[in-house]
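Trainee: pasting the sequence and the predicted coordinates here, then a few questions.
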Amino acid sequence: MGFLVSCNDPFPEKIDYDKGSGVFICNEGNMTFGNASLSFYDPGIETVKNQVFYNTNEFPIGDVLQSMTIIDSLGFLIINNSGKIFVMNTRTMLHKATISELTSPRYMLPINEHTAYVSDLYSPYMTIIDPLTFEKTGSIFIGNSSEKMVIIDNFVYVTSWSFNNKLYKIDVSTHIVSDSLELTLQPNSIVVDKNLKLWVLSDGGYPGMHGAETAALTCINPITFEIERKLEFSDILSSPSELTINPAKDTLYYLNNDPEKTANVNGVFPFPITASSFAEAPLIKSKTRLFYGLASDPSTGIIYVSDAIDHIQKGWVFRYRSSGSVIDSFKVDIIPGAFCFKEKS
Amino acid sequence: MKKLSVILLVLFLGFSSRASAIFDTIRIHEVSVTAKKPMEERGLNLIVIDSTILLKHLTGTLSDLLVSNSTIFMKTYGQGALSTISFRGTAATHTKVSWNGIPLNNPMVGQVDFSLIPVNFTDRITLLQGGSSLADGSGALGGAIILESAPSWGESHLVKLAQGFGSFGTYRTLANLQFGKDQIRMRLKVFHEQAENNFEYYNNQNGLWNYEIQENADYQKYGLLGELFYKPDNKHILSIHTWLQNSDRNLPPIMSYEGLGRTEYQSDNQVRISGIWKYYGKRFRSESIVGYSSSGIDYYLANQTGLGLFVNYDSRSTVQNTIATHKISTDISSKMILKSQLNYKYSMANIMEDVSLNGYSATRQEIGLAMSLHREISHNLTVFGLMRTEIANKDFSPLMPSLGLEAEIPLLQLNICSNISRNYNLPTLNDLYWIPGGNPDLKPEEGYSGDLSITRSFTDLQFFDLSMTATGYMSGINDWILWRPGEYSYWMAENIATVFARGVEYSVNGKYQEGGLSLSLFGTYSYTRTTNRSETVAEDLSVDKQLIYVPVHKANVTAKAEYMGYHIMTSSNYIGERFTTSSNEETRHTLPGFTLFDIRAGKEIKFNKFNTTLQLRINNLFNTDYKAVLSRPMPGRSWEFVVRIEI
C-alpha cells in the first residue's frame, strides 16, 4: 500500500533541472513491451538524463514513443501503440494532460495556435487537435495511412508511407485533401528546402513486397504539385530513410546502406540540393554499428545519429559536425528513434 | 532468490547425509531396487509424468501441468492465451512435441502453443530431456515431449464427465466415453472451455492509477477426440486417432493503451489423424505410424477509426503435415536391443496477408534414419548408443550421435543416468521464407549437450516411498537463429548467435501411506543459466547475459493429503526474476520473481455405480500482484468449482 500512496501523490517533486536548450530523444521501446522512455541531452553541459518522464511522473510513457513535438513550453509525446499523446511540461517534465482515443498516432505538426495535425498509421483519418485545450477537434479523411508532414503557407503535405505511394496536399483552411501525387512506393520522409521545394524519400518497399520498386528521392514543386526531379537509387535493395535537412536548408541527409559495406553497416549520406547524383560514399560511416535514427539540430547543424544495437538493450546517440567528424556520444535507452530539439526558453 | 537456492541445496545435502545415515543401518538383504526402467529406456534421460498428475489436471492444459509438475518454464500471456516453452533454457522452437506420432510443432513458427493442448486428450506424457530426445527425433535441443493414447483394456465401458465453473466467466466441460468389448475399444472425448477473462487489476501504467477490468481477453475453445483400438491378439494393436479442435481468442491491448479501440484476435483450427500399428513379437517389435495434420491460424487486427474498424492486418496461414514413421526393435540377445527408426515428413505451408498482399508458400520434405543399441554390460550397467541422420529437401544434415549409460548402485539405492549428444535443428519455414527478411541460406542450428542425473530411491521404508533426482546439464548451441535489423529497413534471420545453457534440476517425490491416510509431496527446483556467447553487433552488451524471459530460478512444491474420500492439495510455484533486455541491465523493466499459491479441496462420493468428486479450487490464494509478461496484467485471487462424475 505504501507504493500506492506514493504513486497517488499528485505533486511529485518538481525537477526544474533545465531551462536551457537541448534535445529530447524518443526511445521507442519494443512494440508491446510498453517500455518506451524519454531522454534529455543538454549539449551545454554535455549531460544526458534518461527516463526523464518516468522519474518525474512515476508512470511509464507506454508503448512505442514514435515522436515528440514541442509547442512553446509543452512537449507532445506521440505514443503510437498506446493510441495516445501525453502532454508534458518541458521544463519540469511533469505530465500535464493526456489526449486519448487516438488510433495509431505517428507525428504531430503545429498549424496555428488552436490547431495541430496528427498523422496515423492504422487509420484512414488524420486527427486535428487543439494544443491549448488538449482536445480532439476534428479529423481529416486521407483514405490511407499518413506519416510525415510539412507545412508551406496554407498547405500541409503528408506522405502516405505504409504500403502506399502517395503524397497528399491538405488545405488547412478547410482541413480537406485538395490534391494527391503518385510517387515511388513507400514515401517515408519529407523536408522543405530553402527554395521552398519539397523533397520526399521513398524506400520503394522491400524485395518480395507487392509492387516493390527501386527507392527514390523526389523533388516536388509545391505550387504546381508536380515532380521536378526524381533520382533513383542504384541498389535495388536500398531502403533509405530519415530524410532531414541542415539549418541552411541546402543539404539533405539520409540513412542508407553503405555500398562498400561488409555486413550490416550503413551510413549518413549528404545530398546538396543542387547535386545531380547521389554521393558514392557516406559522410558518416556507421563502421560496425547500425544507425537507426537521424536528425540535424536546426540551430547548430550538429548531426544526431542513434544506434539501437540489437533493439533489446539500451542504445546510443552519436553527435557529428557537418564535416562528418564525431563530437561525442552518450547512452540512452531502448531503441532511440526520433529527436526533438528544444530551444532556449 | 539466492536464499531459496541455498535452502534447496541444504535440502538436498540434508537428504543425502540422512540417506547415508540410513544406509549405515541398512540390512543388506532387505535392499530392493524399484522396478527397473525397461532396457529400451535405459541410458536415456526421460521422465514419465505420473498418471495421477494427469488426473489432477484433467480439465487443464499441458501448459499448466508442466509448469507445476516439472522443471520446465512456460512463458504465458494469461489464462487461455499463448503459452510457449523454455526447456532447459532453450528457445520455444527447441522443444519438439508429438501426439500419437504426429508432430505438433508448427513448421512455420517452429513452436507449440501449450495452451491449446488439453491434458484430457492424452494418457501418457513422456519428457525426453536434452540429447535423449534424439531417440525420438531431431531438433529438440532442449528436449522432446511425447504424448500418447492408451485405452484401458481392463474395462469395457467408461464414462467420465466433468464440469467446472469459476471466476471471470470460466466454464470447462468435458465428457469421455469408452465402450467396446473383447478386442475393440472405442473412445470419444469432447471438451469445451470458455472464459470472459474480465478480471480486475490495478493499472499503474497509464497515469490514472485506477482499477480496470481486463477487456478483450475472452476465448472459447472446443475439441473432439475419436479413437478406435483393435487388438486381434496379444501381438497386435491397431489404432486410429482423430483430434479436431477449434480455438477463438481475442487478444487484449497492453496496460498503457488508451486508444480509440481495437479488435485483435486469433483463431486456431487443427485436424490431426494418425493410424498406428504396433506389433509385439517375442524378440521383435515394430510400430508403424501414418499421420496427417492440418493447422490453420487466422490473425486479425483492426483499429477503430472515425470510419469504423480499419483493418490493419488480416492473415491466414495453413500448414499441412503428412508423416510416416516405422520403428523396429529387435532383441539381439537378452542383453542387447537394436532399434531402428525411419521417419518421413512432408510439410506444406502457406500464408497470405490481405492488407499488404504479402505471403509465401513453401514445402519441405524431411527423411530421417536412426539406429540405436541398448547393451546391458552387467546387471547394473547398460550403455546406449545412437546415430541419426536426416535429409531436409536435398540437404543432408551432419550425423547426430548420442551416447548414454545407466548404472544402478543397489547398495546406495542410486541410479545414475548420463547422456551426451550432438543434434541439429532445422530453421523454421518463416526463418527461411518470410517476406521480408526470410533467409533461404540459413543453416540448421547445431547443439551439443550432456547431462548427468542421479536418483536416490528409498523403497525399504515401511509406509514411505521417497525418491530424489538431481540432474546437471550443459549444452552449447551454435548458429542459433536470430532475427535482427540489418542494413536494409527490414529485419533478417541469420545464424548469428552462440548460446551456452547449463543448469541444475532437482526433484523430490515422497509418498506416505498408512491405513486410509495418504500423504504426498512433490517438489522441483531448477537453476537455469542460459547465456548469449556471441557479440552479434558492435557494442553489444548481451554477451554472457541471460536470455530474456528465462528465469534463473524456478521451483514448485505440491503437497496432497487424502483421507476417507476427502482430499486437500496445495501447490506453490516460484518463478524467479526475468530480464527483458538482452544486456540484463538494471532497469525497471526487469520482471521481479513471484510465488503463487493454489489450493484445492474436495470430496469423493460413491453412490451405486456413480463416483462423484466435488472440488473447490482457489488460485493465487494470496492475491499476489505479478506479471508473467511486461505490460500484461494477471488476475488476482480466483476460484473454480469442479464436479467430476465417473460411471
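Mentor: Perfect, I can see it now.

Trainee: how close does A:M68 get to A:L94?
Mentor: Plainly put, A:M68 is 15 Å away from A:L94 if you go by CB to CB, to the nearest Å. (Each C-beta comes from the backbone N, C-alpha and C, glycine too.)

Trainee: what's the closest non-adjacent residue to the residue of the stretch 201-350 of chain B found nearest chain A?
Mentor: Closest residue of the stretch 201-350 of chain B to chain A, CB to the nearest CB: B:G259 (1.8 Å). Once flanking residues are discounted, B:G259 sits nearest to A:G83: 1.8 Å by CB to CB, 6 or more residues apart in numbering or on different chains.

Trainee: same question, A:N35
Mentor: Closest residue in space to A:N35, ignoring its immediate chain neighbours: A:G29 at 3.9 Å, by CB to CB, 6+ apart.

Trainee: then B:D479?
Mentor: Of all residues not flanking B:D479 in the chain, B:N495 sits nearest, at 3.8 Å (CB to CB, 6+ apart).

Trainee: so in terms of bridging, what pairs with the one you found?
Mentor: Beta-bridge pairing for B:N495 (DSSP bridges): B:I481.

Trainee: just checking, it touches B:L442?
Mentor: Yes: taking contacts as CB atoms under 8 Å, B:N495 lies within contact range of B:L442: 5.8 Å.

Trainee: show me the helices in chain A, by range?
Mentor: A:2-8, A:52-57 (DSSP state H).

Trainee: touching, B:A150 and B:D123? I think so.
Mentor: Yes: the pair formed by B:A150 and B:D123 meets the contact definition of CB under 8 Å, at 4.4 Å.

Trainee: where does the chain dip in pLDDT?
Mentor: Since you didn't name a chain, this refers to chain A. Along chain A, segments meeting pLDDT under 70 span A:1-19, A:260-264, A:345.

Trainee: my question was about chain B, not that one.
Mentor: Judged by pLDDT under 70, the stretches of chain B that qualify are B:1-35.

Trainee: and the longest strand along it, which residues are buried?
Mentor: With secondary structure taken from DSSP state E, chain B has its longest strand at strand B:308-333. By 16 or more other CB atoms under 10 Å in any protein chain shown, the buried positions in strand B:308-333 come out as B:310, B:312, B:315-323, B:325, B:327-329, B:331.

Trainee: residues of the helix or strand harbouring B:T613 that come out buried?
Mentor: Per DSSP states H and E, B:T613 falls inside strand B:610-619. Neighbour-count burial for strand B:610-619, counted by 16+ other CB under 10 Å, picks out B:613, B:615, B:617-619.

Trainee: against which helices or strands is the helix or strand following that strand packed?
Mentor: Scanning forward in sequence from strand B:610-619 by DSSP H and E, the next helix or strand is strand B:638-646. Here strand B:638-646 touches strand B:158-166, strand B:170-179, strand B:610-619, going by 3 or more CB pairs under 8 Å, 6 or more residues apart in numbering or on different chains; DSSP states H and E.

Trainee: dump those strands into JSON lines; add distance to B:S372 as well.
Mentor: As requested, the helices and strands packed on strand B:638-646 are exported to JSON lines (distance: least, CB to CB, whole Å):
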{"stretch": "strand B:158-166", "distance to B:S372": "36"}
{"stretch": "strand B:170-179", "distance to B:S372": "34"}
{"stretch": "strand B:610-619", "distance to B:S372": "43"}
